[in-house]
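A.B. asks: got a predicted model here, sequence first, then my questions.
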Amino acid sequence: MFEVGVIEEAGAAEVALDPIRARLLALLAEPHSATSLAAIVGLPRQKVNYHLKTLESHGLVELVEERRKGNVTERVLRATAASFVISPAALAAVQPDPSRSPDKLSARWLLAVAARLVKEVGQLITGAARAGKPVATFTLDGTVRFASAADRAAFAQELTAAVTALVSRYHDESAPGGRDHRVIVAVHPSIKPRADQAQTEIAAQTETRES
């Protein structure tokens, strides 16, 4: 089982977003049969089995083992990942396009870039899995607390200069056998766990006043 699975097909996204199937997916982080799941969710085994077959047909769950009980064969299933993200590729007609309105100070442009990141890394993971090869990636994730909006702006300027210098040093347009790598650096206000909509709006209003 993977830690994170990427849903790239519209049909699989529709299936995963169904409330009952989403709950079954969460429970299937551990192996279960239709019978054991039915007892947990309070639904008839036949109905649970129908949902499981639908999830399995879209590659969201997989067979772990089959147990023979008398004249019945019990299928034990598990989710193919502990959690899932839906790629913008599943909404091809309306997926964000960061090239349409690039604006380094726009939160919506950041969202469009992040969506492209999910799409591209998802495609890399899928392709690498088929080829049996790893994906070469590197990730930094941290938090910085700014004393003021002015400090935040100064940080952004210094970060831009540092990254630009680093890219200039290592970028080789004519390198034989070289491969382009996308570099994304983002800074945004952090949100505390279980923050509700009101907290999010307050954070946004505070950012607006400081700016």
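C.D. replies: Perfect, thanks for sending it. Residues are numbered from 1 along each chain as shown.
A.B. asks: can you list contacts of stretch 44-55?
C.D. replies: 15-16, 18, 20-21, 24-25, 34-35, 37-38, 41, 61, 75, 77 (Cβ atoms under 8 Å, 6 or more residues apart in numbering). Using the backbone N, CA and C atoms, a C-beta is placed for each residue, glycine as well.
A.B. asks: give me the residue at the spatial middle of the protein.
C.D. replies: In the chain, the centroid-proximal residue (Cα atoms, centre = their mean) is residue 85; its distance is 3.5 Å.
A.B. asks: residues contacting that one?
C.D. replies: Neighbours of residue 85 in contact, by Cβ under 8 Å, 6+ apart: 4, 5, 6, 7, 118, 122.
A.B. asks: skip the chain neighbours and tell me the closest residue to the third one.
C.D. replies: Going back to what we said before, that points to residue 6. Nearest non-adjacent residue to residue 6, counting by Cβ to Cβ, 6 or more residues apart in numbering: residue 122, 3.5 Å away.
A.B. asks: just the second one next, same as before
C.D. replies: Across the structure, with Cβ to Cβ, 6+ apart as the measure, the residue nearest residue 5 apart from its sequence neighbours is residue 81 (2.9 Å).
A.B. asks: next one: residue 113
C.D. replies: Nearest residue to residue 113, sequence neighbours excluded (Cβ to Cβ, 6+ apart): residue 98, at 4.9 Å.
A.B. asks: surely that neighbour and residue 111 touch.
C.D. replies: No - the pair residue 98 / residue 111 is not scored as a contact, 9.3 Å apart, by Cβ atoms under 8 Å.
A.B. asks: what bridges to the residue nearest to residue 5?
C.D. replies: residue 2 (DSSP bridges).
A.B. asks: got it, and the one 5 residues further on?
C.D. replies: Partner residues in beta bridges with residue 86: residue 7, with DSSP bridges as the criterion.
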